[in-house]
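>>> Take this sequence and fold it.
(chains A, B, C and D)
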2 protein chains.
Amino acid sequence: MVENKQLSRASVLRMELYLDVLQQCRAEGRHNITSADIGEAVGVSPESVRQDLFKLGTTGKPMVGYEVDKLISLLRSVFGLDTLKKICLVGYGNLGRALANSNIWDKAGFELAAIFDKDPNVVGTGVGPLKVRNLAEVFGVVKSEGIVAGVIATPASVAQEIANILVNAGIKAIWNFAPVKLHVPEGVVVENQSLAWGLITLSQAMKSVFKE
Amino acid sequence: MVENKQLSRASVLRMELYLDVLQQCRAEGRHNITSADIGEAVGVSPESVRQDLFKLGTTGKPMVGYEVDKLISLLRSVFGLDTLKKICLVGYGNLGRALANSNIWDKAGFELAAIFDKDPNVVGTGVGPLKVRNLAEVFGVVKSEGIVAGVIATPASVAQEIANILVNAGIKAIWNFAPVKLHVPEGVVVENQSLAWGLITLSQAMKSVFKE
DNA sequence: TAGATTGTTAATCGATTAACAATC
DNA sequence: TAGATTGTTAATCGATTAACAATC
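Next comes the predicted model:
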């Protein structure tokens, strides 16, 4: 029932789409869904949907399809959404503020447990009960709070330095918004979300559109 | 010299890293660089670097390596960074404000030419000379300004509707921050940058780390 | 020259697509 | 039962890695 092989990034991305569709179905009161329905909703062939679900240990029934509730649980467990993970945010500029005030954390099973910045004018301000702390406190707070992941929303110039601090403090995962390839030891996961890179990727993709 | 085959997404992502390394090299005054150097800096094998550059029409010399300036120009042209593209932003919440005030646009060859929101309290406010306009103006402004791309930084619930409006207005590319699979006609490019999906991907990746 | 480094083809690997038997 | 739909293997496709001749 639990996956053992590493899922490809592409698979994971598709599965996130499946989860979205399934939740819509549940909201509409449907109990079952076929691979064809899922596929059509997310722009993927039914075969690919089945292949993806097969990797997770399949749960469908011929003629009936998949149980919506069961599949939602399965995907949530694959993504680890029901495991609470403490995360900290480093960098409280425009982007940091937008992140801190967003509602994305819960939905992915994270608790935003601390915010850090080096600017003395920003330290002490904050979101609700959460106050921005001085960068120097990272090590101690990560340890004492049991924080396992960190977000880097700082300028690119200091991103690697921040990554080192986080890793030293024992963090196992980094969500990186800086357009910098971070060098981290094995066993530490980095997920890049650089807006700059995203925009360049869009620019590149546009070229083929205009060529037609 | 100009690429004709579609580059894989993975290739493009790697090439963005190469460009970063090359720009650092130029800043340090280096004129040449080998595939081994590039590879080491970005965590890719020299063979892969050469293979990627080969796809673009290679420009290196045995025993010397690649000319830094030449390669920067080549990559900038591959990404289309020197072609100015007008883009508009829809949704001026926390994320929209962070985007509008960022410096990412120029660097990817975009000019942020208009901002839209439906909230009357927000319309009229703005960044520098740019004022937030009413959502109803999208169609007219996109046409009159010659805007070719749009950013969706709205709640997920209205993202598809906004996409339809943008596409109808003639936009060819969408940078989508909403955690929704957008359905667009062929010939329109969508680049997803949903933070919610990114965070779930991180959560999934963390599972394997903690399993070890 | 000698040898480091590229250009480019070949081999491997993995992911996607197709096919179809199993089954409810 | 009949036939729609899954589970699962096989075939195809593409990307990555390896290899090595070409070359500066």
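
>>> Does residue A:193 touch residue B:192 like I think?
No: with contact defined as C-beta atoms under 8 Å, residue A:193 does not reach residue B:192; the gap is 11.1 Å. No exception for glycine: its C-beta is placed from N, CA and C like everyone else's.

>>> Can you list the low-confidence ranges for chain A?
A:1-4, A:212 (pLDDT under 70).

>>> wait, does stretch A:184-203 make contact with DNA strand D?
No: Stretch A:184-203 is not in contact with DNA strand D by C-beta under 7 Å from any atom of the strand; minimum separation 14.4 Å.

>>> residues contacting the nearest residue to residue A:49 once chain neighbours are set aside?
Nearest non-adjacent residue to residue A:49, counting by C-beta to C-beta, 6 or more residues apart in numbering or on different chains: residue A:35, 4.2 Å away. Listed by C-beta atoms under 8 Å, 6 or more residues apart in numbering or on different chains, the contact partners of residue A:35 are A:46, A:47, A:49, A:50, A:53, A:60, A:65, A:66.

>>> DNA strand D next: which of these are close?
Applying C-beta under 7 Å from any atom of the strand to the contacts of residue A:35, those adjacent to DNA strand D are A:46, A:47, A:50, A:53, A:60, A:65, A:66.

>>> Could you tell me which of these belong to helices?
Counting by DSSP state H, the part of those found in helices is A:46, A:47, A:50, A:53.

>>> Neighbours of the last one, how many?
So that's residue A:53. Residue A:53 is flanked by 20 other residues according to other C-beta atoms under 10 Å in any protein chain shown.

>>> Is it correct that it is in contact with residue A:67?
No: using C-beta under 8 Å, residue A:53 is not in contact with residue A:67; the gap is 11.7 Å.

>>> Name the residues contacting each of those two.
Applying C-beta under 8 Å, 6+ apart, one finds that residue A:53 and residue A:67 are jointly contacted by residue A:59.

>>> The closest residue in space to residue A:88 that isn't next to it in sequence: what's it in contact with?
Spatial nearest neighbour of residue A:88, excluding adjacent residues (C-beta to C-beta, 6+ apart): residue A:114 at 4.1 Å. Contacts for residue A:114 (C-beta under 8 Å, 6+ apart) come out as A:88, A:89, A:130, A:133, A:141, A:142, A:145, A:147.

>>> Quick check, the third one in contact with residue A:112.
Right, the one you point to is residue A:130. Yes: here residue A:130 reaches residue A:112: they are 6.9 Å apart, a contact under C-beta under 8 Å.

>>> of those two, who's got more company?
residue A:112 (19 against 13).

>>> next SSE after the host helix or strand of that one?
Using DSSP states H and E, residue A:112 maps to strand A:110-117. For strand A:110-117, the following helix or strand on the C-terminal side (DSSP H and E) is strand A:126-127.

>>> what's in contact with that following strand?
Residues outside strand A:126-127 that contact it (C-beta under 8 Å, 6+ apart): A:97, A:100, A:101, A:115, A:132.

>>> how about the strands in chain A?
Per DSSP state E, chain A carries strands over the ranges A:32-33, A:66-67, A:85-90, A:110-117, A:126-127, A:130-134, A:149-152, A:173-176, A:189-192.

>>> if you compare those, which one is most tucked away?
strand A:149-152 (a mean of 27; mean count of other C-beta atoms under 10 Å in any protein chain shown).

>>> anything in that strand near chain B?
Yes: counting by C-beta under 8 Å from any C-beta of the partner chain, chain B has neighbours in strand A:149-152: residue A:149.

>>> What strands flank that strand, and is each parallel or antiparallel?
If you go by DSSP bridges, strand A:149-152 pairs up with strand A:85-90 (parallel), strand A:173-176 (parallel).

>>> Find the pair from the contacts of residue A:114 with maximum spatial separation.
For these, the maximum inter-member distance is 14.9 Å, found between A:130 and A:142 (C-beta to C-beta).

>>> OK, contacts around the most centrally placed residue in chain A?
In chain A, the residue lying closest to the centroid (C-alpha atoms, centre = their mean) is residue A:108, at 6.8 Å. Counting by C-beta under 8 Å, 6+ apart, residue A:108 touches A:79, A:81, B:196, B:199, B:200, B:202, B:203.

>>> Relative to chain A, how far out is the third one?
Separation of residue B:196 from chain A (C-beta to the nearest C-beta, to the nearest Å) stands at 5 Å.

>>> give me phi/psi at residue A:34?
phi -100, psi 160 (degrees, to the nearest 10).

>>> check contacts around it.
Counting by C-beta under 8 Å, 6+ apart, residue A:34 touches A:46, A:65, A:66.

>>> Chain A against DNA strand C: which residues are in contact?
Contact residues (C-beta under 7 Å from any atom of the strand) of chain A with DNA strand C: A:6, A:8, A:10-11, A:44-45, A:47-48, A:50-51, A:61-64.

>>> ok, now with 6 Å
Applying C-beta under 6 Å from any atom of the strand, we find that chain A lies next to DNA strand C at A:8, A:10, A:11, A:45, A:47, A:48, A:51, A:61, A:62, A:63, A:64.

>>> where exactly do the helices run in chain A?
Per DSSP H, chain A carries helices over the ranges A:9-27, A:35-42, A:46-55, A:68-79, A:94-100, A:104-107, A:138-145, A:156-168, A:195-211.

>>> any chance of these in a markdown table, plus distance to residue B:180?
Shown next, in a markdown table, are those (distance: least, C-beta to C-beta, whole Å):
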| stretch | distance to residue B:180 |
| --- | --- |
| helix A:9-27 | 7 |
| helix A:35-42 | 11 |
| helix A:46-55 | 18 |
| helix A:68-79 | 17 |
| helix A:94-100 | 18 |
| helix A:104-107 | 14 |
| helix A:138-145 | 33 |
| helix A:156-168 | 29 |
| helix A:195-211 | 16 |
